[in-house]
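J.: pasted the sequence and its predicted model underneath.
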Amino acid sequence: MSSNDVAIVGIGMTQFGRQPGVTGRAMAVEAVTAACADAGTTWPDMQFAFGGTYSCGDADTLISMLGLTGAPFINVYNGCGTGGSALISAVNAIKSGERDLGLVLGFDKHPPGAFNEDPENVGLGSWYGENGFMVTTQFFSTKIQRYMHEYGITEDALARVAEKAYRNGSKSPTAWRQKPVPADQILSSPMVNDPLTKLMFCSPGEGAVALVVASAERARTLTSTPVFVNAAELRSRRFGSFEVYSPWLSPDREVSATTDAARIAFEAAGIGPDDVDVAQIQDTESGAEIMHMAETGLCAHGEQEKLLADGETEIDGRIPINTDGGVLANGEPIGASGLRQIHEITVQLRGHGGERQVPGDPRVGFTHVYGAPGLAACTVLSR
Amino acid sequence: MTTTRLIDDSIFTDLEGAHEVPALAGSACEGCGTTTFPRQSSCPRCGGVAMSDTALAREGTIWSATVQHFPPKPPFRFDGDFQPFGMGYVDLGAVIVESRFTEGSMDRLAIGTPVELTLLPAFTDEDGTQVLTFAFAPTHREESA
């Protein structure tokens, strides 16, 4: 334990999924209050906050609801990497030695239906949208289609990922999707983009997550179960990776931002993928979880088919993945998703997972988010 | 007689050439040789700004494909009832291009299938002008047994 280690000492999370009549801002306040209470602190104890949201306005204006203490509240917005970016900023604030206790927040409340982007916003001509290409599901489908061709992954593996997500969601009281769905029903649900069916996709959703982070020294005075942030790394894509809204790809293929972020996080932590006891990885759809399993280094490319068939990524398997049902069962509130993963790892490392607790006293956790326009954030956490 | 126009002239080149179908227009980086689609004024690989126009190959193979089963939201435009369409990526050698396919069924869109460039009616403007977009069609060559 070095003097500039950073620990998570408090966690707070709202119910995920549709909450009619509850604003995103109200959810954010609920999560902050819960996280502060979990750490044995209150909002006025926070020396700073980093927070962000995609659909709910300016996060920093929450101070009028939380309490006007004068502490700096810095807005962070980085797409699906918002939560990860907020955490990285908080970790660096504490590592600098200037602060020893602060808050990280992510929240969102999206209308139903797929996200809709204007091609001009991402630097593409209007022809691209008129042609029917501003559709994120096409990216996921063409990427997994190619991957299945290269590595011999089948539709059965895609169904198993979604089946596991809904089963794990049924064991998580805060999940949106709480009903197990059998694999045959997942395969026979309406086709969105081959090979991915409706039940293999997440939906934009709602939720808020807050974390209280502290220096290791301060953490010792607050909790007997600190979870240390061994590494938190964000990377953007390099030339040659395959990303959403790409009118062209280079024939010289390069690894994704996920591979880069995971490798750098493991190196920074001095912990390898083989040491991970429980992982949360981006499962925007079934294929994403499969590809990300290998891109993060948790398994080899092509190994996923057998790992899934053998139940190795189940809660009681060798490498439990998305123990709370992931994005598939919790939905995708962009600002909150990355922090939900860290919340779940903290729950698991504290041994508070209840019905979905990973057996064997897990010590090391890993999280990974991925999003447009090609960025990934990974953390390595331990107790 | 129906008048027609291309969905966007800037993504095509060789409009007056010998071919019935204009070629797709890319840019080639004079520094590192990277080919982009559509044209770009700088190179995403090396950052170079010396880019020259290039006509992309008209033939290639399917790199990946899917079928779009639901109508995309605007700005997608289509006439009448929505028909699912094939789309994906075509390996043209120097560059892999995202494109519509003329086929809307996965059993005609296997990875590796040889395809060639064509034009496809996409939608109709308010004044009745038919708008054409680019697409790739499986080439109907006899397989040698």
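T.: That came in fine, so what should we check first?

J.: how about the contacts made by residue 89?
T.: All of this refers to chain A. Taking C-beta atoms under 8 Å, 6 or more residues apart in numbering or on different chains, we find A:S89 in contact with A:50, A:74, A:76. From N, CA and C alone the C-beta is placed, and that goes for glycine too.

J.: other chain: chain B
T.: Each residue near B:Y89 by C-beta under 8 Å, 6+ apart is listed here: A:142, A:146, A:249, B:62-65, B:96-99.

J.: need those residues in TSV with pLDDT, can you?
T.: Output for the contacts of B:Y89, formatted as TSV (pLDDT from 0 to 100):
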residue	pLDDT
A:T142	98
A:R146	98
A:L249	97
B:I62	98
B:W63	98
B:S64	98
B:A65	98
B:I96	98
B:V97	98
B:E98	98
B:S99	98
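
J.: show me which of these is closest to A:I281.
T.: For the contacts of B:Y89, the residue nearest A:I281 by C-beta to C-beta is A:R146; the value is 19.4 Å.

J.: the closest one belongs to a strand?
T.: No - looking at A:R146 with DSSP: H, G, I helix; E, B strand; the rest coil, it is helix, so not inside a strand.

J.: so who does A:G106 touch?
T.: A:51-53, A:82-83, A:86, A:208-210, A:333, A:335-339.

J.: show me which of those residues neighbour chain B.
T.: Restricting these to those touching chain B (C-beta under 8 Å from any C-beta of the partner chain) yields no residues.

J.: weed out the non-buried ones from these.
T.: Burial by neighbour count, 16 or more other C-beta atoms under 10 Å in any protein chain shown: within the contacts of A:G106 this picks out A:51-53, A:82-83, A:86, A:208-210, A:333, A:335-339.

J.: quick check, central residue of chain A?
T.: A:G338 (3.1 Å; C-alpha atoms, centre = their mean).

J.: so where does the residue lying closest to it once chain neighbours are set aside fall, helix or strand?
T.: Once flanking residues are discounted, A:G338 sits nearest to A:G83: 3.0 Å by C-beta to C-beta, 6 or more residues apart in numbering or on different chains. Under the criterion of DSSP states H and E, A:G83 resides in helix A:82-95.

J.: A:A288 now?
T.: Here A:A288 is assigned to helix A:286-295, by DSSP H and E.

J.: and for A:I342?
T.: Assigned by DSSP H and E, A:I342 falls in helix A:334-350.

J.: that helix vs helix A:82-95, what angle?
T.: Interaxial angle, helix A:334-350 versus helix A:82-95 (axes from the mean of the first three to the mean of the last three C-alpha atoms, to 10 degrees): 60 degrees.

J.: which element follows helix A:334-350 toward the C-terminus?
T.: That would be, after helix A:334-350 and using DSSP H and E, strand A:364-371.

J.: how far out from the middle of the chain is that next one?
T.: Averaging C-alpha positions (C-alpha atoms, centre = their mean, to the nearest Å) puts strand A:364-371 6 Å from its chain's average.

J.: which other helices and strands contact it?
T.: For strand A:364-371, the elements it packs on are helix A:257-269, strand A:278-281, helix A:286-295, helix A:334-350, strand A:375-382, judged by 3 or more C-beta pairs under 8 Å, 6 or more residues apart in numbering or on different chains; DSSP states H and E.

J.: go with 10 Å
T.: helix A:82-95, strand A:227-236, helix A:257-269, strand A:278-281, helix A:286-295, helix A:334-350, strand A:375-382 (3 or more C-beta pairs under 10 Å, 6 or more residues apart in numbering or on different chains; DSSP states H and E).

J.: next, see if the very next helix or strand once past the second one gets close to chain B.
T.: Per DSSP H and E, strand A:227-236 leads on to strand A:248-249 as the next helix or strand towards the C-terminus. Yes - Strand A:248-249 is in contact with chain B by C-beta under 10 Å from any C-beta of the partner chain, via A:248-249.

J.: ok, residues contacting strand A:248-249?
T.: A:142, A:146, A:240-243, B:24, B:26, B:35-38, B:40, B:44, B:56, B:63-64, B:89-92, B:95-99 (C-beta atoms under 10 Å, 6 or more residues apart in numbering or on different chains).

J.: which of those residues count as buried?
T.: A:142, A:146, A:240-243, B:24, B:26, B:35-38, B:40, B:56, B:63-64, B:89-92, B:95-99.

J.: okay, now the unreliable bits of the stretch 51-200 of chain A?
T.: A:114-115 (pLDDT under 70).

J.: strands of that one, start to end?
T.: A:73-75, A:101-109, A:191-193, A:196-197 (DSSP state E, counting those that start in this stretch).

J.: which strands or helices does the third one pack on?
T.: Helices and strands touching strand A:191-193, by 3+ C-beta pairs under 10 Å, 6+ apart, are helix A:136-151, strand B:59-68.

J.: quick one: strands adjacent to the next helix or strand after the last one?
T.: Elements were assigned by DSSP H and E; along the chain past strand B:59-68, the next helix or strand is strand B:85-91. Under the criterion DSSP bridges, strand B:85-91 sits next to strand B:59-68 (antiparallel), strand B:96-101 (antiparallel) in its sheet.

J.: and the first one, how far out from the chain middle?
T.: Centre-to-centre, strand B:59-68 and its host chain are 11 Å apart (C-alpha atoms, centre = their mean).

J.: low-confidence ranges, chain B, go.
T.: Residues of chain B that meet the cut-off, pLDDT under 70, sit at B:1, B:141-145.

J.: if we use 80, what do you get?
T.: Across chain B, the ranges flagged by pLDDT under 80 are B:1-2, B:15-18, B:140-145.

J.: can you give me the strands for it?
T.: Secondary structure of chain B by DSSP state E: the strands cover B:4-6, B:12-13, B:23-29, B:35-36, B:51-55, B:59-68, B:85-91, B:96-101, B:114-124, B:130-138.

J.: what helices or strands is the last one leaning on?
T.: For strand B:130-138, the contact count by 3+ C-beta pairs under 10 Å, 6+ apart identifies helix A:126-130, strand B:4-6, strand B:59-68, strand B:85-91, strand B:96-101, strand B:114-124 as packing neighbours.

J.: check which residues of it are buried.
T.: Under the neighbour-count criterion of 16+ other C-beta under 10 Å, strand B:130-138 has B:131-136, B:138 buried.

J.: return the list of strands paired to that strand, each annotated with direction.
T.: strand B:4-6 (parallel), strand B:96-101 (parallel), strand B:114-124 (antiparallel).

J.: pull the CA atoms of that strand into PDB?
T.: Output of strand B:130-138 as PDB, limited to C-alpha atoms (Å, rounded to 0.1, in the frame of the first residue of the first chain):
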ATOM      1  CA  GLN B 130     -35.300   9.800 -58.200                       C
ATOM      2  CA  VAL B 131     -32.200   9.700 -55.900                       C
ATOM      3  CA  LEU B 132     -29.600   7.000 -56.500                       C
ATOM      4  CA  THR B 133     -27.200   5.700 -54.000                       C
ATOM      5  CA  PHE B 134     -24.300   3.400 -54.300                       C
ATOM      6  CA  ALA B 135     -24.600  -0.300 -53.500                       C
ATOM      7  CA  PHE B 136     -22.700  -3.500 -54.100                       C
ATOM      8  CA  ALA B 137     -24.300  -6.500 -55.900                       C
ATOM      9  CA  PRO B 138     -23.000 -10.100 -55.900                       C
END
